[in-house]
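# Starting from these lines, generate the structure:
(chains A, B, C, D, E, F, G and H)
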Protein chains: 8
Amino acid sequence: MSFTYNRIDKDKAMLLVVDHQEGLFQLARDQNPTVMKQHILAHAELAKVFGLPTILTTSAETGPNGPLPAEVIALHPEAPFIKRNGEVNAWDNPDFKAAVEAIAQTGRNQVILAGITTDVCTAFLALSLREAGFSVFANSDASGTFNAKTASEANDRMRAAGVQVLSLFAVACELMRDWRNTPGATQLLPFFDKYLPEYGFLARAHDAAIQNGTQSGL
Amino acid sequence: MSFTYNRIDKDKAMLLVVDHQEGLFQLARDQNPTVMKQHILAHAELAKVFGLPTILTTSAETGPNGPLPAEVIALHPEAPFIKRNGEVNAWDNPDFKAAVEAIAQTGRNQVILAGITTDVCTAFLALSLREAGFSVFANSDASGTFNAKTASEANDRMRAAGVQVLSLFAVACELMRDWRNTPGATQLLPFFDKYLPEYGFLARAHDAAIQNGTQSGL
Amino acid sequence: MSFTYNRIDKDKAMLLVVDHQEGLFQLARDQNPTVMKQHILAHAELAKVFGLPTILTTSAETGPNGPLPAEVIALHPEAPFIKRNGEVNAWDNPDFKAAVEAIAQTGRNQVILAGITTDVCTAFLALSLREAGFSVFANSDASGTFNAKTASEANDRMRAAGVQVLSLFAVACELMRDWRNTPGATQLLPFFDKYLPEYGFLARAHDAAIQNGTQSGL
Amino acid sequence: MSFTYNRIDKDKAMLLVVDHQEGLFQLARDQNPTVMKQHILAHAELAKVFGLPTILTTSAETGPNGPLPAEVIALHPEAPFIKRNGEVNAWDNPDFKAAVEAIAQTGRNQVILAGITTDVCTAFLALSLREAGFSVFANSDASGTFNAKTASEANDRMRAAGVQVLSLFAVACELMRDWRNTPGATQLLPFFDKYLPEYGFLARAHDAAIQNGTQSGL
Amino acid sequence: MSFTYNRIDKDKAMLLVVDHQEGLFQLARDQNPTVMKQHILAHAELAKVFGLPTILTTSAETGPNGPLPAEVIALHPEAPFIKRNGEVNAWDNPDFKAAVEAIAQTGRNQVILAGITTDVCTAFLALSLREAGFSVFANSDASGTFNAKTASEANDRMRAAGVQVLSLFAVACELMRDWRNTPGATQLLPFFDKYLPEYGFLARAHDAAIQNGTQSGL
Amino acid sequence: MSFTYNRIDKDKAMLLVVDHQEGLFQLARDQNPTVMKQHILAHAELAKVFGLPTILTTSAETGPNGPLPAEVIALHPEAPFIKRNGEVNAWDNPDFKAAVEAIAQTGRNQVILAGITTDVCTAFLALSLREAGFSVFANSDASGTFNAKTASEANDRMRAAGVQVLSLFAVACELMRDWRNTPGATQLLPFFDKYLPEYGFLARAHDAAIQNGTQSGL
Amino acid sequence: MSFTYNRIDKDKAMLLVVDHQEGLFQLARDQNPTVMKQHILAHAELAKVFGLPTILTTSAETGPNGPLPAEVIALHPEAPFIKRNGEVNAWDNPDFKAAVEAIAQTGRNQVILAGITTDVCTAFLALSLREAGFSVFANSDASGTFNAKTASEANDRMRAAGVQVLSLFAVACELMRDWRNTPGATQLLPFFDKYLPEYGFLARAHDAAIQNGTQSGL
Amino acid sequence: MSFTYNRIDKDKAMLLVVDHQEGLFQLARDQNPTVMKQHILAHAELAKVFGLPTILTTSAETGPNGPLPAEVIALHPEAPFIKRNGEVNAWDNPDFKAAVEAIAQTGRNQVILAGITTDVCTAFLALSLREAGFSVFANSDASGTFNAKTASEANDRMRAAGVQVLSLFAVACELMRDWRNTPGATQLLPFFDKYLPEYGFLARAHDAAIQNGTQSGL
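Got it, this is the predicted structure:
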């Protein structure tokens, strides 16, 4: 049995922020809300760190779904921001589809995405992207839905269509590949400091030791 | 790997209410009964909201199985209502089969269904519909049975036959597709207010904020 | 061992609706939201059914906490409605305290209460009421908080102060005592039909059998 | 994807009672023993109700395995009763095999079976029957074994061989198909009254309501 | 530390069947319904077996609560049967109270009881009986309610009032005390055969061995 | 039963930050690290928000325990910062003890504390403070240790000594008491936005609705 | 706080084998049956090893309860063997009571016991022995009953009466006290080899090493 | 409520190594064996680090219980080493008791102990020590037994007798009290490096950073 490892390539990827809206956030009850918020911010910041072409999209944001967090918008002031007034599946929105296709024409056919809810906003779009021939990578940490059973079934549905379902950390590391790259350590360390505090505090303590440390005497 | 996304199309779909009877309700012990009742009402109302050709069917309803909830009947006064006096599998009832086929001849070969019990009323019919060539979408939230193990095994049996097993929310959103459609936001918001109170209270609080809100000062 | 059974007496009880607000509802994640909503409505309706002196109170309702559900307000148009602009513990609000004491002076020293969140809105008030000498009955089904651990610890803290923590059904039945009373069956059956569908569908199927039933032949 | 629904046909089926012996019963610890006994009796009674050709078989019944329950034997006084003195897999017993083949020659190639233990008596025979070309339906409720893990693994092994693993209720309903058939409601209602008390009490209360009920007033 | 063992005495005990009605049965979801039914029948039959003064009581039985199972009534044709038209707590019914007190005046101050629901019908009555000075023994196997959490909390509430909460088997054995008594083995073996099949099949296999057994050769 | 409600009073309380160091953080594995970091920051910020006299303390911070997070220090530039070079139990450090006593002499005998690890840094100090006569409130959300079992046992040990173990939210609300106070809503909303995103996003969406919202049309 | 350690003394103890019968064994479903059998044999052998006055008792052993395992009887050929023909609680049997009292008059007021079922045979006797003033030690490993919940409740009931509930190993070690005693290592090693294979195989490997071992070269 | 904090004092404590033998080690299955070994070594080394008078004791060590690990013996070449040839409870050995009492007469009445098995070797001795008036601290991490249930019950039994059950880390920190003490950091860091690798690797990385580190650039 032969196997081809299709991994994320920062030069071939784009990133989609799908309906990470402050109202819809209340529906995502399959993760601790503090963790969910950090995952949303990290997802958007990944694209910033790697200079990935990014598309923001919201659904009916002046209604109860609410706006994207200001932090997300501030990261991507130049990105196409498709405010869908109606389409549930972003692929049904011609502007969104055109924005994706425009990026694709620059040689990028890998799509990293996450959204709320997993079973609707993430899955519907992921399935359409697969049908359209894209390689699709779902950042599962940054998607949320009503409960764990629904999340699991939605991830299964996506997998059955060839979607790769990955963690935030795996997405970040497949993108970076080498700490000496640009982006590499200089860009990713502040990223991990914010979103992986077990790593961030390690780095901070390390730097403090160099600046001001005393040998433990061990 | 090529993939075709076969999604529910409100112009190609019909909806079946299968034996959601007040007596049989007592057999559905794999969900909290309050949640189960809401899922039953939501299933029927989905068809109303989307104007889907709908068929109601009951099994021996003057006996202990009991009638459909009045709320369900009131939603579909014009729908074919096949009161099976005997057939367990609705597909064995010529009137029911004819009713389905009559709708199919209008170009609708997608069937959304749910029933009590999952392993008998839902599964038997779903399997027969698959054999007859229909695309079948089982609303798993609106089916119930004796216990979770039986529900899981019945869902597995249906998936093995090519049935798509979906949540209520995914069914609703695949049907609507666009909030600006008719049916769209105007019809679906009251629907979600009833059946997804985490969304309904979000919308109510949103509207209250516009009418009467004071800035939090955040 | 002697024992005195201190049970709720509809002529000695008042009921408090504490911060069951549409925004705060999103914080109550220790119950399924559909069940939580029904418990909130049922709590308020209990007072209506039994003619209990009732006090509604909200915290900063024009802000993000949001209003009470319209259904709750509609049930108690004449009740004192203390819109606290600031006090977290309702007992710290002089109007609320005066409203409770005014009812107490009519011979009612039993207080039934529920609120969001359990550990703050319910518990703080319950502890203050105990300190003030009231018999306190916490409807545990109608209180919600961040997670089950917090709910359990808050219930334990209340029990340690002499609060009785009861289910919705036990509260309703201790209040009614006799189906022939007014309020009795005529008032409670529609109540149970709404909030305990396993009972409601039982009653509906029963009535249908009388009107239109055929012997099962068993 | 085409699909053929292979369902139980009472005119093509036979039923096997495999080692449901009173001694072996003590080994079946994956179900509550009260429930297990009811499932054993129900399995045998299904064949009686539907007039299915039935074969009883025991293993070394004068030894510690013990006899079949008298209720089971009384249901099938005319059935071939193969008292195996040695063979664990009933298919290895020439008399048993001949009895099955004799029935098969009357046009019945569907076999419904259950036994103790699931992993030995049921599974060994089921696998041999599949090899011999039969359609096999394992009544999972009426088989028992040492623990739930062993039951689940045995069911998986049978499924892999093309055995359909069904609940008692699904078997009964696929056999009956129509409540108006003979056997139908007249025969099955007493059956469900004995073995599914949630349904039996529903029917009894229904009949009582017709005879003597008063409107609830709901 | 001195200890007094207060055990059930068949000459000092009465037994109460409280609202074991066919409709209310549907509300008892903390036990498998097959097991629950057997426990209900066993509870009533215990009184028959031991000749305990027994009181049957129902709540609004011509309504949806439904009648007692015919098997229960048939066991106690002469027992006072208090059909409460309204009182939830049977102790509030003067006829029921008088019936209990009439038995108490014959020297019986121990009360064995069970009912549906545990938190209302069993607990309310048990607490009132404790307040009235009775020794109270709750047959926990024969009481049922909405879920296990409610059952556990209701049992705790009863224990805190001095109620002894016992299993069916312990109640039976404290009543019998000696297999040679009347009632003793002659009466109890058929009882255990019905309600404890692990014991019944043991006894049957034992008897079969005597009649027809061959040495296993162990 | 009389009851006195001993609640936190911002005019009688001080807050202690105990060894929330970036190295020790790696030992706190009983909570998700993202949540743990937020709880550490929230604990320190509570004191800032309420102007509580605060004492920071670290243990051997130039060694592997590492420094406090810069965010914590920045919140309390004027606070006594006792860098213990050796004492494990901060109470054994004369400067720390003097700092606590100096605050106590201003009429503050309530101490809110949290630290890493729960069983050593928090518990040792809490027990010493209880011995010294203080009212002690342990913020359980902001303490961490090796595993959940150790956390639970340490909390139990503290409770046994009269320590009140509370959640972050309860501590914040007992301190604030009234949203109109200073500190009140103006100060607490940004606090909850950071540390309780389910509340923060609720507030943000609320404000967005007022500024820019469109009626949902519900 | 002063504390007195009341420990088993082989010169003050007697041991009771209560209804460890081969039929009743089938009712003991709260332990793996392989482990349960070893615990039964170990319990009886403990008395043999320590020369404890022992009383065997059975209930209706020619009936389905069956005999004691031959291994148990063979261990105690001289022991009083009270074959109760009827009494459930062995204390109600005059011969059994006399046998216990005869031993007690030799200065032995400690009773070690175990039986099937825990809630009836063990608990009833233990409670009566406590009432009669004995120190009672229940070997919990060697008692069995219908399920773990019943076992736990029965152990709690015994503890509440002052019974010490101990493991087999703790009973054995409190009896032996010293490996050089008689009984000591010579007697206990074969005992542990049989009943604690983790210890037995250790001892065997130890001895094998002495006889025939080659250095591992570690 | 007044409270006295009774904490370990290195000048008042002795430490007991009880039957941490290589053979008995196989019986301790309530912890991962790698972790258990580290806890055994750490327990012995604690006494070395703090210069605590220490007593080693083994039970029948030339038999299958086996010797103490050489590492443990090497740590305490001068310690009284009581090789019990028989007594299970070390307190029953006159030499052991004399050794403890000799240390006690130097003003040390606190005893830290751990052993295998928890329920026998640790608990029996701990209970005897309590009876003899000692303050007893059980290092729960360094005791092991057959399973977690037995460990928990043994810890409960000890607590009920006034034993303090603590983690290894809490014992070490109560002993050290101050990192500058002797023993302090110099002695404890290598200790934690060996036994708490999450701390040890933190310290190593810290030192490495000082010696050879490069700023992460964060």
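# any idea how far chain G is from the residue positioned nearest the centre of chain A?
By Cα atoms, centre = their mean, chain A has its centre lying nearest to residue A:43, at 3.4 Å. The span separating residue A:43 from chain G equals 46 Å under the rule Cβ to the nearest Cβ, to the nearest Å. Every residue, glycine included, has its C-beta placed from N, CA and C.
# Report the contact partners of the residue of chain A found nearest chain H.
Nearest to chain H in chain A, going by Cβ to the nearest Cβ, is residue A:209, at a distance of 3.9 Å. Shown in contact with residue A:209 (Cβ atoms under 8 Å, 6 or more residues apart in numbering or on different chains): F:64, F:66, H:206, H:207, H:209, H:210, H:213.
# Inside helices: which ones of those residues?
H:206, H:207, H:209, H:210 (DSSP state H).
# Drop anything exposed from these.
H:206, H:207, H:209, H:210 (16 or more other Cβ atoms under 10 Å in any protein chain shown).
# Now do the contacts for residue A:192.
Residue A:192 neighbours (Cβ under 8 Å, 6+ apart): A:172, A:199, A:200, A:203.
# returning to that earlier point: just the pLDDT for the residue nearest to the centre of chain A.
In this model, residue A:43 is scored at 98, pLDDT.
# out of the contacts of residue A:192, what pair is the most spread apart?
Using Cβ to Cβ, the contacts of residue A:192 span at most 14.9 Å, a distance reached by A:172 and A:203.
# the more surrounded of those two?
Counting neighbours by other Cβ atoms under 10 Å in any protein chain shown for residue A:172 and for residue A:203 shows that residue A:172 has the greater number, 23 against 20.
# give me the number of residues near whatever residue of chain A ends up closest to chain D?
Across chain A, the shortest distance to chain D (Cβ to the nearest Cβ) belongs to residue A:160, at 13.2 Å. Residue A:160 has 12 neighbouring residues, counting by other Cβ under 10 Å.
# Let me know the distance separating it from residue B:159.
Note on residue A:160: its distance to residue B:159, by Cβ to Cβ, to the nearest Å, is 10 Å.
# what sits up against stretch A:164-176?
Contacts to stretch A:164-176, defined as Cβ under 8 Å, 6+ apart, come from residues A:6-8, A:10, A:13, A:39, A:42-43, A:46, A:50, A:52, A:112, A:135-142, A:155, A:158-159, A:183-184, A:188, A:191-192, A:195-196.
# Show me which of the residues you listed are buried.
A:8, A:10, A:13, A:39, A:42-43, A:46, A:50, A:52, A:112, A:135-142, A:155, A:158, A:183, A:188, A:191-192, A:195-196.
# Name the nearest residue to the residue of chain A closest to chain H, ignoring sequence neighbours.
residue H:209 (3.9 Å; Cβ to Cβ, 6 or more residues apart in numbering or on different chains).
# ok, residue A:30 touching residue A:140?
No: if you go by Cβ atoms under 8 Å, residue A:30 and residue A:140 don't touch, sitting 10.2 Å apart.
# Near chain C, which residues of chain A are found?
A:26, A:29 (Cβ under 8 Å from any Cβ of the partner chain).
# Just list what the helix or strand of chain A with the lowest mean pLDDT packs against, helices and strands only.
Least confident helix or strand, chain A: helix A:148-160 with a mean of 83, by mean pLDDT, DSSP states H and E. Counting contacts by 3 or more Cβ pairs under 8 Å, 6 or more residues apart in numbering or on different chains; DSSP states H and E, helix A:148-160 packs against helix A:123-131, strand A:135-139, strand A:164-166.
# Let's see the helix ranked longest in chain A as PDB, backbone CA atoms only.
When chain A is parsed with DSSP H, its longest helix is helix A:33-50. Extracted in PDB, the C-alpha atoms of helix A:33-50 (Å, rounded to 0.1, in the frame of the first residue of the first chain):
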ATOM      1  CA  PRO A  33     -15.200  28.800  26.400                       C
ATOM      2  CA  THR A  34     -11.800  30.200  27.500                       C
ATOM      3  CA  VAL A  35     -10.000  27.700  25.400                       C
ATOM      4  CA  MET A  36     -12.400  28.200  22.500                       C
ATOM      5  CA  LYS A  37     -11.700  31.900  22.400                       C
ATOM      6  CA  GLN A  38      -8.000  31.400  22.300                       C
ATOM      7  CA  HIS A  39      -8.300  28.900  19.500                       C
ATOM      8  CA  ILE A  40     -10.300  31.400  17.500                       C
ATOM      9  CA  LEU A  41      -7.700  34.100  17.900                       C
ATOM     10  CA  ALA A  42      -4.900  31.700  17.200                       C
ATOM     11  CA  HIS A  43      -6.500  30.500  14.000                       C
ATOM     12  CA  ALA A  44      -6.600  34.000  12.600                       C
ATOM     13  CA  GLU A  45      -3.200  34.800  13.800                       C
ATOM     14  CA  LEU A  46      -1.600  31.800  12.100                       C
ATOM     15  CA  ALA A  47      -2.400  33.300   8.800                       C
ATOM     16  CA  LYS A  48      -0.900  36.600   9.900                       C
ATOM     17  CA  VAL A  49       2.300  34.900  11.100                       C
ATOM     18  CA  PHE A  50       2.700  33.000   7.800                       C
END
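# Let me know the helix or strand that residue A:115 is in.
Assigned by DSSP states H and E, residue A:115 belongs to strand A:110-115.
# try residue A:83
strand A:81-84.
# Give me the packing partners of the helix or strand following that strand, helices and strands only.
Following strand A:81-84 in sequence order, the next helix or strand is helix A:94-104 (DSSP H and E). Judged by 3+ Cβ pairs under 8 Å, 6+ apart, helix A:94-104 is in contact with strand A:13-18, strand A:54-59, strand A:81-84.
# Of the ones you listed, which is nearest residue B:97?
Here strand A:54-59 is closest among the helices and strands packed on helix A:94-104 (Cβ to Cβ), at 39.6 Å.
# Pick out the residue of chain A closest to chain C.
Counting by Cβ to the nearest Cβ, chain A gets nearest chain C through residue A:26, at 4.4 Å.
# So that residue lies in a helix, does it not?
Yes: checked against DSSP: H, G, I helix; E, B strand; the rest coil, residue A:26 lies within a helix.
# What's the end-to-end length of stretch A:101-108?
Distance across stretch A:101-108, first residue to last, is 9 Å (Cα to Cα, to the nearest Å).
# neighbours of residue A:149, just the number please.
12.
# can you check residue A:179 too?
12.
# ok, it - contacts?
A:185, A:188.
# for the one 4 residues further on, same thing?
Contacts were defined as Cβ under 8 Å, 6+ apart; by that measure residue A:183 touches A:49, A:50, A:51, A:176.
# Now with 6 Å, please.
A:49, A:50 (Cβ atoms under 6 Å, 6 or more residues apart in numbering or on different chains).
# With that, I have no additional questions.
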